[in-house]
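Colleague: just a sequence and a predicted model for now, questions to come.
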Amino acid sequence: MITRQTMIVRQLVLIGLAVAFLTVGMLFTNLYYLSDRQLRAVDSQLAFQQYQIFTAIQMSVNETEKKISSEKDIVSIVKSSQLVQTSLRDSLKKIENTRYAVVFTGSGELVSAVSVGRITDGFNSDEKDFKKLLEASPVTQIFMMLFSRSNYFSSLRVPIFSQEKSKGIVVEIRLGIPASTIRVGLRNIVVVNLSLIVIGMLVATLAAIRSADTLTRPVEVLVDQIEKLERGDDLGFQEEKITNEMPQSITSKLQMLSKRLAGERTELETTRGRLTQIIDKIEERLLLLNPDKRVMLMSPKVDHILGVAGIDLLGGMLEDRLGRNHPLIELVNKVSKSKRSAENMMIFDQNDPRQVLASVQYIEDKGEPIGMLVSLRDFDSFKQFKSQLDYSDKLAALGRITSGVAHEVKNPLNAMVIHLEILRAKLNEPNADVTPQIEILSSEIKRLDRVVQTFLNFTRPLHINLVPIDLNDLVHQVTRLAAAEAAAHKVDLCEDLCADYIKINGDSDLLKQTFLNIIINGCQAMPQGGPLQIRTSRVGNYAEITISDRGVGIPPEFRDKIFNLYYTTKEKGNGIGLAQAFRAVQLHNGRIEFDSVIGVGTVFKILLPEV
């Protein structure tokens, strides 16, 4: 929950950042505008004073009667000219804090100088050119004007013309100004803006405290009411505090939610009681865990079978109750991490050792974990029910291969519904042609009949004629049957039969059809042809038939569906062949497995009990 203090801190940070950002932006904008205006004003004053000095020099030269032929003549005139000296002194007065005003010849010889005090460090030792400051970036200009202690000079080189010569003699007029002259007024702007920042932060603090109080108070009341809902307490909506702090719409919604939760809580307790009764009567001992591995439901005497008699598991974390080193914890953690169900044989009670078959089922809904169901059974009692489990496996296998029937039935039904609606609309129209809809309905009814008939034939109990069969001889017969189909696809059938005699009990016709379906599928999966190997071997008490092709392989997204009835990826396929093969192997108490690599091929393995 977000407290009022946390809300105040967050709002202070946000408002403070906003105020600081705006103030800094305003400060920079003001400084840039003022600094640019100040620099341009100083530049104009410097240029004007330099022009005045130049005019005084030119007038002094024009008034002299001496012949001017070199820089020495200019030096003599400037030094003796009262007009030039007056112009130099005026420049110090016209521009605030001007350090000096000097005139040089074009070769750098000092002609005349006027300064404030004595310039002991020369005219160029630590000074910077004012023109470069004008050309600098805005950030550089602001930084130099606020913090730099350097002095600046402005230099103007102009030619002085005499009446006798058409070519002028160059002189340099230089004015020195301190940084204080340039930064006039800027520091005042900084002080004003910093004051605004402080005032803004104070206002922001007050606003944050006030708004946080206004926002969090209803939230605190709402959280308090939700906590009461969790505990099942009376919400007390008649209290004045709640009425004043919470909107009427939220109050009414909470009232409705309270009534609904009360009903659902009662229903949940009833359901939980019934579920507990069911669990009590189940042969297995069960533990229902939530995603955090907390025990939500449990069968009686589970603690005894787990070897922790007397410890109350209900409501606690399983690891805390059993201990980290308990064998069941390792299995539960494995299932939780892999998100796949698992089972294992383990011994729980060292004082009274007995084998227990522990199974952990991972439960999820729409990709979200719901929890895990732990089932525990004595291995001795498990053996007694093995035949029932085998039967259950067969039913599950039948459900797997027939799972595609719903899709095949739904397609014609959907088409029939659509065209019945169209037909109904046409019947209300005079002279409407309903022949297309009738033909389509007739076609879809026939298709639906074929699907249902095929399903009935597929699920009808078969009479299996189990007789001893030489497996190698049976495989050789199938190879000869498939030779024509293989030749059509340029496939070479290669037999690798076990040297030993392998005998199984089976229905020859069913097994022939099973092997033939898989071999033909392999041939059709090899568009470029190549070898297809059929191999027999003995694996423990089972006979193994391996059929390996070098075809295109089965994509991962199709592998869970290839044994489903009606599922096919071929244009002219009917989706029955592999489903029949799967069913035939199950009827022989065998297993069928496959492994496929895209672009390499597919290997089918069929395991049948050996006599």
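Modeller: Happy to help now that I have it.
Colleague: name the nearest residue to residue 317, ignoring sequence neighbours.
Modeller: residue 294 (5.5 Å; Cβ to Cβ, 6 or more residues apart in numbering). Glycine gets a C-beta too; all of them are placed from N, C-alpha and C.
Colleague: so the one you found makes contact with residue 318?
Modeller: Yes. Using Cβ atoms under 8 Å, residue 294 is in contact with residue 318, at 7.2 Å.
Colleague: so between those two, which is more surrounded?
Modeller: residue 318 (22 against 18; other Cβ atoms under 10 Å).
Colleague: that one and residue 130: what is the separation?
Modeller: According to Cβ to Cβ, to the nearest Å, residue 318 stands 82 Å off from residue 130.
Colleague: in this protein, where's the longest helix?
Modeller: Identified as the longest helix of the chain according to DSSP state H is helix 4-63.
Colleague: let's see the following helix or strand past that one as CSV, backbone CA atoms only.
Modeller: Per DSSP states H and E, the first helix or strand lying C-terminal to helix 4-63 is helix 71-80. As requested, the backbone C-alpha atoms of helix 71-80 are provided in CSV (Å, rounded to 0.1, in the frame of the first residue of the first chain):
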residue,chain,number,x,y,z
GLU,A,71,54.7,55.8,-40.0
LYS,A,72,57.1,58.1,-38.0
ASP,A,73,55.2,61.1,-39.4
ILE,A,74,51.9,59.6,-38.2
VAL,A,75,53.5,59.0,-34.7
SER,A,76,54.6,62.6,-34.5
ILE,A,77,51.2,64.0,-35.5
VAL,A,78,49.2,61.7,-33.1
LYS,A,79,51.5,62.4,-30.1
SER,A,80,51.2,66.2,-30.7
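Colleague: so what's residue 111 up against?
Modeller: Going by Cβ atoms under 8 Å, 6 or more residues apart in numbering, residue 111 touches 74, 75, 78, 79, 102, 103, 104, 105, 171.
Colleague: quick one, which of those are buried?
Modeller: With neighbours counted by 16 or more other Cβ atoms under 10 Å, the contacts of residue 111 contain buried members at 74, 75, 78, 102, 103, 104, 105, 171.
Colleague: sheet-wise, list the partners of the host helix or strand of the last one with their directions.
Modeller: With the criterion set as DSSP H and E, the secondary-structure element containing residue 171 is strand 169-177. Within its sheet, strand 169-177 is paired with strand 100-105 (antiparallel), strand 151-160 (antiparallel), according to DSSP bridges.
Colleague: ok, back up a step: pLDDT of the longest helix of the chain, averaged?
Modeller: Mean pLDDT, computed over helix 4-63, is 76.
Colleague: what about the helices in the stretch 301-450 of the chain?
Modeller: With DSSP state H, counting those that start in this stretch, the ranges of helices along the stretch 301-450 of the chain come out as 302-305, 318-322, 327-338, 379-384, 386-401, 405-427, 435-459.
Colleague: mean pLDDT for those: which is lowest?
Modeller: helix 386-401 has the lowest average pLDDT among the helices of the stretch 301-450 of the chain, namely a mean of 47.
Colleague: who's in contact with the nearest residue to residue 526 once chain neighbours are set aside?
Modeller: Closest residue to residue 526 apart from its sequence neighbours, by Cβ to Cβ, 6+ apart: residue 551 at 4.4 Å. Residue 551 makes contact with 522, 524, 525, 526, 527, 601, 602 under the criterion Cβ under 8 Å, 6+ apart.
Colleague: where's residue 551 relative to residue 561, distance?
Modeller: 18 Å.
Colleague: for residue 14, same thing?
Modeller: 54 Å.
Colleague: I appreciate the help and will end here.
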